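Peer 1: got a predicted structure here, sequence first:
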Amino acid sequence: MAEQPKAGAGLRGQSAGSTALCTVGKSGSGLTYRGYDIHDLAEHARFEEVAYLLLKGKLPNQAELDAYVTKLKGLRALPDALKKVLEQIPADAHPMDVMRTGASMLGNLETEQSFDEQQDVADRLLAALPSIICYWYRFTHEGVRIDTVTDDASVGGHFLHLLRDEPASELHARVMNVSLILYAEHEFNASTFNARVCASTLSDMHSCVTGAIGTLRGPLHGGANEAAMAMIENWQSPEEAEREIMGMLARKDKIMGFGHAIYRDSDPRNDLIKRWSRKLAEDVGDSVLYPVSERVEAVMWREKKLFCNADFFHASAYHFMGIPTKLFTPIFVCSRVTGWCAHVFEQRENNRIIRPSADYIGPEKCDWLPIEARD
Ligand SMILES: CC(=O)SCCNC(=O)CCNC(=O)[C@H](O)C(C)(C)COP(=O)(O)OP(=O)(O)OC[C@H]1O[C@@H](n2cnc3c(N)ncnc32)[C@H](O)[C@@H]1OP(=O)(O)O
Ligand SMILES: O=C([O-])CC(=O)C(=O)O
């Protein structure tokens, strides 16, 4: 079979629609959400403000933010039927599969009846997804049925509170806030594009989000933070890390957490999360994982001019906060659901079914063979 030409493969470099939500790599290596620079958002914003910006179209004023936080807090409880389903999922299931099932089951119980409900459906998903993953995790790993309603003002604080059964420290809540902001939106990445394709058929929000979760799960996309952790935790020193990375490069292995489909020189989210990873390393007195991560970064740049994407230093940052590796990508979901839903709104606003063409590379016309005549 003829080989696909690489240049256009994966729709790379082709515009597949328009968006007012995000620019990726447009000004230097920049990233903006509705015109706001990611550095400003990570420094000054609360994640809930960013969620409001993406979903409602503007930054909230104080009264709007307060009302939004109160609304989200009121949407954290899970229906009994959903809890029952979560309790059936085995402890060794992948938590991204739990997220996928959770979003889908919520769609059965609280079906979006009309697009007029889309804002409420998005807010409900944003509030409920941390509850879904933590309810399943604590039930299957610790045998407890947790109350998923907390008084934490932030989504990140709420997640950590449910996971550990105690309120998060100020440092951890701050890092979660930054992390959720960094992961919230990224233009036509694979999972968002999946959500938009689904939306373009005029399907419901839960279907769009469920498909997006499945797409984010893969190690070439959101799953890279877990894969990066699985790699770096094997190494006890920067020297060992360098030796191993050199071997992996020689074998042409993919190094998870490096490279990007759009950015060419750097991912602007990396410096931001790396700074917090360093702070957390100091906080826990780490002298292995952070230096190992930095050495991997240096070697990858020296050898291949490949840079860390958003996922690489998220691995050590989450690890230093004591978050189990298999919950890394579900946290990404708890954030990216804002971007996904905002893209679904945008797609619905100006819709045409997404249906590209394909270059046929199969056989020419074949003559029909009766079954007895086939090899
Ligand atoms: C939040 C996110 O989703 S960020 C992305 C998370 N994913 C990862 O970290 C997985 C590792 N990275 C990758 O697989 C890729 O860099 C992707 C999927 C992110 C982007 O893929 P592409 O757009 O196809 O990459 P690109 O065209 O820049 O690749 C150029 C070359 O660099 C190589 N390359 C790219 N990334 C890596 C990597 N992480 N390790 C080793 N080699 C790499 C490619 O194999 C390719 O080599 P080739 O031309 O010999 O085939
Ligand atoms: O944009 C992409 O291709 C992947 C990415 O970084 C993201 O979704 O955050």
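Peer 2: Structure received. Ligands and ions are numbered 1, 2, ... in the order given.
Peer 1: give me the pLDDT for the spatially closest residue to Trp276 that is not a sequence neighbour.
Peer 2: Distances taken as Cβ to Cβ, 6 or more residues apart in numbering put Val175 closest to Trp276, at 4.8 Å, once the chain neighbours are dropped. C-betas here are computed from N, CA, C, even on glycine. On pLDDT, Val175 comes in at 98.
Peer 1: just Ala122 next, same as before
Peer 2: In this model, Ala122 carries a pLDDT of 99.
Peer 1: how many neighbours does it have?
Peer 2: 24 (other Cβ atoms under 10 Å).
Peer 1: pretty sure the residue nearest to Trp276 sits in a strand.
Peer 2: No: under DSSP: H, G, I helix; E, B strand; the rest coil, Val175 sits outside any strand and is assigned helix.
Peer 1: can you verify my assumption that it contacts Leu280?
Peer 2: Yes: between Val175 and Leu280 there is a contact under Cβ atoms under 8 Å: 6.5 Å.
Peer 1: tell me which of those two has more neighbours.
Peer 2: The neighbour count for Val175 versus Leu280, taken as other Cβ under 10 Å, is higher for Val175 (26 against 22).
Peer 1: list the contacts for that one?
Peer 2: Gly156, Trp276, Lys279, Leu280, Ala317, Met321 (Cβ atoms under 8 Å, 6 or more residues apart in numbering).
Peer 1: do Pro130 as well
Peer 2: Arg76, Val155, His158, Phe159, Leu162, Cys334.
Peer 1: just to be sure, it is in a strand?
Peer 2: No: per three-state DSSP, Pro130 lies outside any strand segment and is helix.
Peer 1: residues contacting the closest residue to it other than its chain neighbours?
Peer 2: Spatially, and ignoring its direct neighbours in sequence, Pro130 is nearest to Phe159 (4.2 Å; Cβ to Cβ, 6+ apart). With contact taken as Cβ under 8 Å, 6+ apart, Phe159 is in contact with Pro130, Ile133, Cys134, Met176, Ile331, Cys334.
Peer 1: buried ones only from those residues, please, as a PyMOL command.
Peer 2: Selection of the buried residues among the contacts of Phe159 in PyMOL, burial being defined by 16 or more other Cβ atoms under 10 Å:
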select buried, resi 130+133+134+176+331+334
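Peer 1: for the chain, which residues are neighbours of ligand 2?
Peer 2: Contact residues, the chain versus ligand 2 (Cβ under 6 Å from any ligand atom): His186, Asn189, Ala261, Ile262, Asn309, Ala310.
Peer 1: now do 5 Å
Peer 2: Residues of the chain lying close to ligand 2 (Cβ under 5 Å from any ligand atom) are His186, Asn189, Ala261.
Peer 1: check what pLDDT Phe139 gets.
Peer 2: Phe139 is assigned 98 on the pLDDT scale.
Peer 1: check the gap between it and ligand 1 for me.
Peer 2: As defined by Cβ to the nearest ligand atom, to the nearest Å, Phe139 lies at a distance of 29 Å from ligand 1.
Peer 1: C-terminal to the helix or strand hosting that residue, what's the next element?
Peer 2: Using DSSP states H and E, Phe139 maps to helix 118-142. Where DSSP H and E defines the elements, the next helix or strand beyond helix 118-142 is helix 155-164.
Peer 1: how about the residues of the stretch 101-250 of the chain that lie near ligand 1?
Peer 2: Counting by Cβ under 5 Å from any ligand atom, the stretch 101-250 of the chain sits next to ligand 1 at Leu220, His221, Ala224.
Peer 1: low-confidence ranges in this structure?
Peer 2: 1-7, 27-29 (pLDDT under 70).
Peer 1: quick check, central residue of it?
Peer 2: Phe332 (3.2 Å; Cα atoms, centre = their mean).
Peer 1: what do Val175 and Leu280 both touch?
Peer 2: Ala317, Met321.
Peer 1: most surrounded residue in the contacts of Val175?
Peer 2: Neighbour counts for those peak at Ala317, which has 28 neighbours (criterion: other Cβ under 10 Å).
Peer 1: give me the distance between it and ligand 2.
Peer 2: Ala317 sits 16 Å away from ligand 2, going by Cβ to the nearest ligand atom.
Peer 1: thinking again about what came up before, residues contacting the residue nearest to the centre of the chain?
Peer 2: Tyr183, Leu216, Gly222, Asn225.
Peer 1: would TSV of those residues with neighbour count and secondary structure be doable?
Peer 2: Formatted as TSV, the contacts of Phe332 follow (neighbours: other Cβ atoms under 10 Å; DSSP: H, G, I helix; E, B strand; the rest coil):
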residue	neighbour count	secondary structure
Tyr183	25	helix
Leu216	27	helix
Gly222	29	coil
Asn225	30	helix
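Peer 1: for those residues, which one is nearest ligand 1?
Peer 2: Gly222 (5.6 Å; Cβ to the nearest ligand atom).
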